[in-house]
Each structure stands twice: as structure tokens, then as C-alpha cells.
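J.: Got a sequence here, can you build the structure:
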Amino acid sequence: MSKFLLVLVWALSAALVLLIVSLPINLQTHLIAGTVVLVLMMALKLLRAEGNWRLVALALGTAIVLRYAYWRTTSTLPPVSQLENFIPGLLLYLAEMYSVFMLGLSLFIVAKPLPSRPPKIVTDESNLPTVDVFVPSYNEEPQLLADTIAAARAMDYPADKFTVWLLDDGGTVQKRNATHVVEAETALERHKSLQQLCADLGARYLTRERNEHAKAGNMNNGLAYSQGELIAVFDADHAPTRSFLRETVGYFNEDPRLFLVQTPHFFLNPDPLERNLRTFEKMPSENEMFYGIIQRGLDKWNGAFFCGSAAVLRRAALMEANGFSGVSITEDCETAIELHSRGWNSVYVDKPLIAGLQPTTFASFIGQRSRWAQGMMQILRFRFPLLKRGLSFPQRLCYMSSTLFWLFPFPRTIFLLAPLFYLFFDLQIFTASGGEFLAYTFSYMIVNLMMQNYLYGSFRWPWISELYEYIQSVHLLPAVISVMLNPRKPTFKVTAKDESVAVSRLSELSRPFFLIFALLVVATFVAAWRIYAEPYKADVTLVVGGWNLLNLIMAGCALGVVSEKRERAATRRIKVKRRCEFGREGIWYPGTIEDVSVNGARIKVYRGDALDALGDGEVNLRFEMLSGAGTAILPVEIRNSERSADGLAIGCRYVRSTADHHRYVADLVFASADQWTQFQSARRRNPGVLMGTIWFLRLAMFQTYRGLVYLFRSARGDKDEARSGEVSR
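T.: You can find the predicted model right below:
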């Protein structure tokens, strides 16, 4: 009864809000109402109001958003008779309504997400299910695979209860018998070396006849040869912690209809934006908004979906659906939709239990996002979640939100071009005075920013989502259009891993960003000239010029993103504290391992003369393994050293020559999940809308300058090469 009353109260409140929103009010009344709402939202934010008060703040913001949408619909569209104004005006209106609709879906999903689920630690080993661990691979380097396999084999789980499988799609019979001799020999060599690697590390190697249905087909081949009750999936560059299985399989004992336990993807290296803007250690990563908030919101509605890795799935559920789905190139989400529609359940555990690599270069980043966007468009086309039989209504909304999100290149492009229609061609695509435009649109933008801050807080800083969308839209727009025109055309392309940038340079995909920036600069001067030449239109021109200036700031910041900073290391180091000994041949010095990466470590030795006594050559790092397997002695190569008052700080690189060395590195880098949690927590703070905006403006100014410097250097380098060519001729 109480639940019914609550629903009734909310329904009546919603009806009342809609009635108020549609009331005809003058501009002054709207300004007063908007100001009151903003003050109330700010007060609730400053008081750190949570629970129902948080919902009240979001409801107040929603009222302003709906008022803006009503005003835009009833008062601002150009007349249909003026097609030159109506068509671009309608496109802008549709782009804005898309944003309002997606905000509504976001509110439904994450207004009150589930608290983080506690891990289900299984202690009764007699009741543990058997697990097959799949590591699908295509073209990854053996060393990268060795680290992942070693970490998977070191998981804290009875050895007779789990099997690690390397599913190699780079050494198939088809590839080994290719007509191209180099390709065939490369595949044969890979086949033999990975077979030996698996034998050394205690894993099983499996390939297949032909490369069909990409990753989904590869894993379905693994299903045919394995027998475990559960399937754990790790990408080739996703190494699990020791506790991964212990903290996930327990959920399957509680719910016989559970098909998935998904955990977040944590990355050791920055993406191109984080690396080039130097925000990796300071600001939450892009994926943290999805894994820290959105997946928890989806989990509330039994809509958390498979993300391709860092997950455990039930074999019985997969077999019911004929394995992993392969119609689209995003087999993970597609598989989840199919199993959810069959009545199976999913769980999301918000604790990083794997550490992986993400694209380093901007080109690889765009390649990965193009695949995601095209795959989601295929799902929207072939599965259409809103009408998918078997899904609950909340699940339909969850999947529609996840797929429709990837349409963002269209509205983002329209928002970029819309001011130019007025400034260059004097098209009236928005029929409102400057005062009305400023009053309605400005209040809507501020409220929107505050709502985003309420929803995502310390997981996403102001304006960063807009920057990520802009840098992707330029290249994703053609990709999304192509899959709409031909939904079966896209093919699965493996994302490059373990990259490095040897020299500072402009990305090969940077040219459109500089052209757009130049166009917006010209538009800024045009706006200034029109304010001077047409003072009777100054109010509208000021507003449109301000909009263009905002686009210019975003475009300038993007110049820094596509200006690739030199960085040889593929991964960043993570702070740890582990006792160790450093030395060789009976000479050992006590020390502390201060930070680690997949390639090397930094050690603090409490003897300033340690290197003098040890001399040149390889040195050993000795430490106790967290797995309890005894003492590890890992060869290292000294790269640099620095004396201090309390000892010697030594930077070293691992020297892996045996399978045991890979096990030692896995124990040193991947064994503990606590270090990933601590690293994420250190970055998660909420600067607020005002301070976040000021921070972003400073960042954008510097990155604009840096991008232009890179452009100048690149142009000068091209001229120097041309002159060299002239001399050589």
C-alpha cells in the first residue's frame, strides 16, 4: 500500500510540474523562477544533501530543462515557409531534444544508483564451481600475453578447479596456410612460440581452422573444447588480481539464474586525452563515469551488461543462447541483451580486479571508439532493445540509453555548426531575441551542468564529457553514417596495445581539428565585425558570438589532445609499498619497492653506495610473493639512479627470460587489488561547477597554445624536408 501511495504522489507531482512548465509566463517571471531553482540547487549541493534531497534537487533542475524544451518547441522554430531557415533550425532543435531525451534516460538510470556491491568471498572450497578462463588473442606480443596468463594462473583458486585457455586467432590453420608466404610463416612462428609459452606457464593453447565471427567466434570455439561451469573472460592485455575469482564466483551460488558478474576495467596507462593533457594522475579517467556510476545504475534495473572482459559468465546460459552473439562487432553487449531477454540476471561488482592497457595514440583511440559506435548502431538496427521481447521495461530503457548514446556525433556536429549559419549566412534558425535566448538558454546550460555534477560528481569534471565527445565526433560521424547505410559492412578490428610515442608529433588524424579551429577563429572576427556594423542586431550577435566562442575554446583544447607528447613508456607507474632486497651474488641491500609498472619498478635502497659495490650488469630484485609461493628473484636492468639523504632511488627495468620471471612480475604488479582502488580514489574529487569551469578554461588556453606550437613545428619540419629534397636533387 505504501509503495502504491509513493507512486501516486510522484505521478501527481510530475503532472503538477508539467502543468507549471506549460504555463505562459513572461521573461521576468522565468528569470525569477530560474534563479530560485539555481539557488535551491546550489544550497542543497553545499549542504551535501543526499538521498531524497538529491532527488528533489534533480527534480527542480528537470523542471527548468522541461521549461526550456517547451519554450523551444512552441516559440523558437522558424516558419516552415522559410526552408533556408527552417531546415537548419529543425536540425538544431532535434539535436537539443536528443540531449534532453538522453538526460532523461540518464536520470532514470543513475538518479539513485545501487550502492557498491560487496564482493562475495567464497571460503567453502568443496562448493566451488569449475572455471574456464578465456584469454582471446589475435596479434598481441608474447610478452604481453605471458604477463596476463601468468597473472591468471596465479589467481587464488584451487588449481584443479580452473583452467586458463589462450584462444589464439593469430595462429589459425587458415593463417598458417595463407598464400602470402610472409603472413603464413609469421602465423606458424606465432603458433609454435605461443604453444611453448602456454606449456611453460601451465595454460592450454587453442586455435581453430578459420577466422570466422571475430572474437565471438574465437570464444565460441573455446566453449566447444572446454567444460567449466563458469567462463571468466580477460582481454589479452587485462591481467587479473589474485582475488578475482574469489570475489566474483560466490554470486553464482546465490542466484541460479545469474549469467554474468561484471567488474570494472581499470587501466594502467592514460588514454590520448589524459596523456597529452597530463591529467591521468589528477582527474578521473573517462571510463570511471561508466564503471563508477552508470553500471551501478544499470545494475539497479538488472541491466548491467557484459563489457567483453573482466567478467565471469555461466556456461549454461551461454549454451542456451548458442554461445556468444556475433551478429554485431560488439559481441559483449549483444550477448547480454540476448541473455537478459531470456530471463537471465546480471550483477555488477564495483571493484577493480583487473589492470589493463588502453589505446595510447589518438589514431588507435579513434579506431577503438569507431568499433564501439558501429557495433552499438548494429545492435540498435538488428536487436532494437525497445521492442526486444523478454526484456523488462526498465531494461529496454537501459539498453536504449547505451545504444542511443553513440548518436552523439550528430548533435555535437550541429552544435558546432549552428552559430556559423547565422554569422556567415545570416540565417535565422532560432527565432528569439538576444534577451530571451540568454535567459532561457543560459539558465538551461547552468542547470544542466549542475545536474551533471549531481549525477556524476567526482567521477566526471565539468566540460570533460563535451571535450571527449568533440574529439571523437569529427571522425566518428562518418563511421556512424556508414553503418547506418550498410549495417553489415563493419568488421571487427583489434585495438593496438602496448604502444608508445617515440617523438612529439601531431597525430595523423589532427588536420580536421586545425581546420575547424581556423574556421571558428574567422567566425569570431565576423561576430565582432557584425556587432560593430549592425548595432541593431547586437543582442542576438553577442549571444551567437558567445556560443561560437565556447565552441572555439573547446576546439582549442582539442588541439592539445591531437598534439602527441613524446612518451616512451607504455604504462604509468602505480605507487606501492613492498619490502625487498636488491643485489646479487651474496651482496644484498634492504630496500622498498615504491612504484611498479608492467615494464619496471622504482626501488629505494637504504645504502647510497649500493651501486658502487654492485658494479655494472644485471642486478636481482628479491621479494616475498603475495601468493605465498616463496621468495622471487627477478633480474632487473638499472636505468637510472638518484641519491638522497636517506639512500638511493633506483629506476630499473625487468629482464624476463623464463616463465618464472613472468610469474614474479605478475605477482609484483597485478596480485593486489588494493593498489588500483587507492589510485582511483586519489583522483576522485569534485571541483564543483565553478572551479571546474575555471580549471577547464585555463587548461584550454594552454592546450590551444601548445597545439599551435606543434603545428608551427610540424610545418617548419615539412619545409626543412622539402629543402633537403631540393638539395639532394
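J.: Spell out the residue ranges of the strands in the stretch 151-300 of the chain.
T.: Ranges of strands in the stretch 151-300 of the chain, per DSSP state E, counting those that start in this stretch, are 162-168, 204-206, 230-233, 239-240, 258-262.
J.: just the stretch 1-150 of the chain next, same as before
T.: 131-137.
J.: okay, now the nearest residue to P635 once chain neighbours are set aside: neighbour count?
T.: What sits nearest to P635 in space, not counting adjacent residues and going by C-beta to C-beta, 6 or more residues apart in numbering, is V655, at 4.1 Å. For glycine as for every other residue, the C-beta is placed from the backbone atoms N, C-alpha and C. Each residue near V655 was counted by other C-beta atoms under 10 Å, and the total is 15.
J.: shift numbering so it begins at 203
T.: Okay, using 203 as the starting number, the last item reads as V857.
J.: OK, contacts around V857?
T.: 820, 836-839, 863 (C-beta atoms under 8 Å, 6 or more residues apart in numbering).
J.: quick one: least confident of these?
T.: Least confident of the contacts of V857 in the model: E820, at 83.
J.: Quick check, that residue in contact with L836.
T.: No: counting by C-beta atoms under 8 Å, E820 does not reach L836; the two are 10.3 Å apart.
J.: more neighbours, the two?
T.: Using other C-beta under 10 Å as the criterion, E820 and L836 rank with L836 on top: 23 against 13.
J.: So which residue is smack in the middle of this protein?
T.: N489 (3.2 Å; C-alpha atoms, centre = their mean).
J.: May I have the residues that are in contact with it?
T.: 466-467, 469, 560.
J.: Now do stretch 696-709: distance from first to last residue.
T.: Taking C-alpha to C-alpha, to the nearest Å, the span from the opening residue of stretch 696-709 to its closing residue is 20 Å.
J.: no, scratch that, I was asking about stretch 545-557
T.: Span of stretch 545-557 from end to end, C-alpha to C-alpha: 31 Å.
J.: how far is that stretch from where the chain is centred?
T.: 16 Å (C-alpha atoms, centre = their mean, to the nearest Å).
J.: which of the residues in that stretch are buried?
T.: 546-557 (16 or more other C-beta atoms under 10 Å).
J.: same thing with stretch 245-265?
T.: 246-247, 251, 256-257, 259-265.
J.: elements contacting the host helix or strand of M578?
T.: Assigned by DSSP states H and E, M578 falls within helix 564-584. Using 3 or more C-beta pairs under 8 Å, 6 or more residues apart in numbering; DSSP states H and E, the elements in contact with helix 564-584 are helix 474-479, helix 533-543, helix 595-606, helix 666-687.
J.: Rebuild these as a markdown table, extending it with mean pLDDT and distance to L447.
T.: Output for these, formatted as a markdown table (pLDDT from 0 to 100; distance: least, C-beta to C-beta, whole Å):
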| stretch | mean pLDDT | distance to L447 |
| --- | --- | --- |
| helix 474-479 | 93 | 30 |
| helix 533-543 | 95 | 20 |
| helix 595-606 | 96 | 27 |
| helix 666-687 | 94 | 33 |
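J.: for these, which one sits closest to Q877?
T.: helix 474-479 (18.5 Å; C-beta to C-beta).
J.: Please save the CA atoms from that closest one in CSV.
T.: What follows is helix 474-479, C-alpha atoms only, in CSV (Å, rounded to 0.1, in the frame of the first residue of the first chain):
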residue,chain,number,x,y,z
PRO,A,474,45.4,10.1,-25.5
LEU,A,475,43.5,12.9,-23.8
GLU,A,476,44.9,12.1,-20.4
ARG,A,477,48.4,11.6,-21.7
ASN,A,478,48.6,14.7,-23.9
LEU,A,479,46.8,17.0,-21.4
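J.: how many other residues sit next to L588?
T.: Look at L588: counted by other C-beta under 10 Å, it has 14 neighbours.
J.: hang on, it in a strand?
T.: No: counting by DSSP: H, G, I helix; E, B strand; the rest coil, L588 is not part of a strand but helix.
J.: where's it relative to T332, distance?
T.: Distance, L588 to T332, using C-beta to C-beta, to the nearest Å: 38 Å.
J.: Same check on L651?
T.: According to C-beta to C-beta, L651 and T332 sit 50 Å apart.
J.: before we move on, the earlier item: in CSV, list the helices and strands packed on helix 564-584 along with distance to V911 and mean neighbour count.
T.: Shown next, in CSV, are the helices and strands packed on helix 564-584 (distance: least, C-beta to C-beta, whole Å; neighbours: other C-beta atoms under 10 Å):
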stretch, distance to V911, mean neighbour count
helix 474-479, 13, 23
helix 533-543, 41, 24
helix 595-606, 39, 20
helix 666-687, 19, 19
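J.: Between the ones you listed, which one is closest to F454.
T.: That would be helix 533-543 among the helices and strands packed on helix 564-584, by C-beta to C-beta, at 13.8 Å.
J.: Which other helices and strands does that closest one contact?
T.: For helix 533-543, the packing partners by 3+ C-beta pairs under 8 Å, 6+ apart are helix 416-427, strand 460-464, helix 517-522, strand 547-550, helix 564-584, helix 595-606.
J.: can you do 6 Å?
T.: Using 3 or more C-beta pairs under 6 Å, 6 or more residues apart in numbering; DSSP states H and E, no helix or strand is in contact with helix 533-543.
J.: could I have it exported to PDB, CA atoms only?
T.: Provided in PDB are the C-alpha atoms of helix 533-543 (Å, rounded to 0.1, in the frame of the first residue of the first chain):
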ATOM      1  CA  GLU A 533      29.600  -9.200 -29.100                       C
ATOM      2  CA  ASP A 534      29.700  -8.400 -25.400                       C
ATOM      3  CA  CYS A 535      26.600  -6.100 -25.200                       C
ATOM      4  CA  GLU A 536      24.800  -8.100 -27.800                       C
ATOM      5  CA  THR A 537      25.300 -11.300 -25.800                       C
ATOM      6  CA  ALA A 538      24.000  -9.600 -22.700                       C
ATOM      7  CA  ILE A 539      20.800  -8.300 -24.500                       C
ATOM      8  CA  GLU A 540      20.100 -11.800 -25.700                       C
ATOM      9  CA  LEU A 541      20.500 -13.400 -22.200                       C
ATOM     10  CA  HIS A 542      18.600 -10.700 -20.400                       C
ATOM     11  CA  SER A 543      15.700 -11.200 -22.800                       C
END
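J.: Longest helix in the protein, please.
T.: helix 890-930 (DSSP state H).
J.: you'd agree P664 is in a strand?
T.: No: under three-state DSSP, P664 sits outside any strand and is assigned coil.
J.: Please tell me how far it sits from M652.
T.: Distance of P664 to M652, computed by C-beta to C-beta: 10 Å.
J.: which residues are common contacts for the two?
T.: V891 (C-beta atoms under 6 Å, 6 or more residues apart in numbering).
J.: re earlier: right, and the helices and strands packed on helix 564-584 - which one's nearest N455?
T.: Nearest to N455 among those is helix 533-543 (18.7 Å), distances taken as C-beta to C-beta.
J.: ok, V335 - contacts?
T.: Contacts of V335 (C-beta under 6 Å, 6+ apart): 354, 366, 434.
J.: one more time with 10 Å
T.: 350-351, 354-355, 357, 359, 364-368, 405-406, 424, 428, 430, 432-436, 442, 446-447, 514 (C-beta atoms under 10 Å, 6 or more residues apart in numbering).
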